[in-house]
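**Student:** just the structure for this:
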Amino acid sequence: MSSSLASSPLPQPSTPLGTPPGAPSLAPAPLHIATLAARPDLAPIVARWLRDHHAPHAPLAPFAARIAERVAPLGPEQCFILLEAGLPIGTASLTHRGLAARPDLTPWLTNVFVAPRFRGNGHARRLVSAVEAAAQAASIPTLWLYTRAAESLYAPLGWRPAGSALCDGDPVTLMRRDFRL
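**Tutor:** Residues are numbered from 1 along each chain as shown. Below you'll find the model as predicted:
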């Protein structure tokens, strides 16, 4: 993967339309996506987010161990963190394993998470795009995900339903994203 994806700024408007030159900008804080390989100090934050979201009473250590492994320079086992003005606000990963019921499918977009107070601003889409770009950089033709209720997030981004399965006894929708390499 190119080093520019490992820690790349996202384009932001320099000033809102109609702002006079020299006036203070009302533009949003700058967004930036970093890999865990570039920012290993963020691993405990990501692990805590995912533990609190998926299993709040579970020990933190297993989540921390899984996240700490996601530092590959190319391809699966990468974790991406979205930062706003330097503050981590969301994460998503490219992993070999996703849904235990479907070990035949790989690799996966996993652990898409945006901190609650930052939701509704397109941040999940930014994170999904970063994982998709990493998959394409590694010449991965198909990426998989499963979701309990977020098909409407993924479908406009080119993800197609690909069946259903069970995850911890709950029904989930499998989705796939095919890339032209």
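
**Student:** where do the helices sit along this protein?
**Tutor:** Secondary structure of the chain (DSSP state H): helices located at 3-6, 43-54, 61-68, 123-137, 151-154.

**Student:** among those, which is nearest residue 101?
**Tutor:** helix 43-54 (16.4 Å; Cβ to Cβ). Placement of C-beta: from N, CA and C, glycine included.

**Student:** what's near enough to touch residue 130?
**Tutor:** 5, 33, 80, 82, 92 (Cβ atoms under 8 Å, 6 or more residues apart in numbering).

**Student:** can you count the residues close to the residue lying closest to the fourth one once chain neighbours are set aside?
**Tutor:** Distances taken as Cβ to Cβ, 6 or more residues apart in numbering place residue 90 nearest to residue 82, at 4.2 Å, with adjacent residues excluded. A count of nearby residues for residue 90, using other Cβ atoms under 10 Å, gives 24.

**Student:** follow-up on the earlier one: who wins for proximity to residue 180 among the helices of the chain?
**Tutor:** Evaluated over those, closeness to residue 180 peaks at helix 123-137, with 9.1 Å, by Cβ to Cβ.

**Student:** for the closest one, buried residues please.
**Tutor:** 123-124, 126-136 (16 or more other Cβ atoms under 10 Å).

**Student:** and it, how far out from the chain's middle?
**Tutor:** 7 Å (Cα atoms, centre = their mean, to the nearest Å).

**Student:** can you tell me the average pLDDT over that helix?
**Tutor:** Average pLDDT, helix 123-137: 97.

**Student:** send the alpha carbons of it over as PDB?
**Tutor:** Provided in PDB are the C-alpha atoms of helix 123-137 (Å, rounded to 0.1, in the frame of the first residue of the first chain):
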ATOM      1  CA  HIS A 123     -17.800   9.500   8.700                       C
ATOM      2  CA  ALA A 124     -18.700   5.800   8.300                       C
ATOM      3  CA  ARG A 125     -18.700   6.300   4.500                       C
ATOM      4  CA  ARG A 126     -15.200   7.800   4.700                       C
ATOM      5  CA  LEU A 127     -14.000   4.800   6.700                       C
ATOM      6  CA  VAL A 128     -15.600   2.300   4.300                       C
ATOM      7  CA  SER A 129     -13.900   4.100   1.400                       C
ATOM      8  CA  ALA A 130     -10.500   3.900   3.100                       C
ATOM      9  CA  VAL A 131     -10.900   0.100   3.600                       C
ATOM     10  CA  GLU A 132     -12.100  -0.300   0.000                       C
ATOM     11  CA  ALA A 133      -9.000   1.700  -1.200                       C
ATOM     12  CA  ALA A 134      -6.700  -0.600   0.800                       C
ATOM     13  CA  ALA A 135      -8.400  -3.700  -0.700                       C
ATOM     14  CA  GLN A 136      -8.000  -2.300  -4.200                       C
ATOM     15  CA  ALA A 137      -4.300  -1.500  -3.500                       C
END
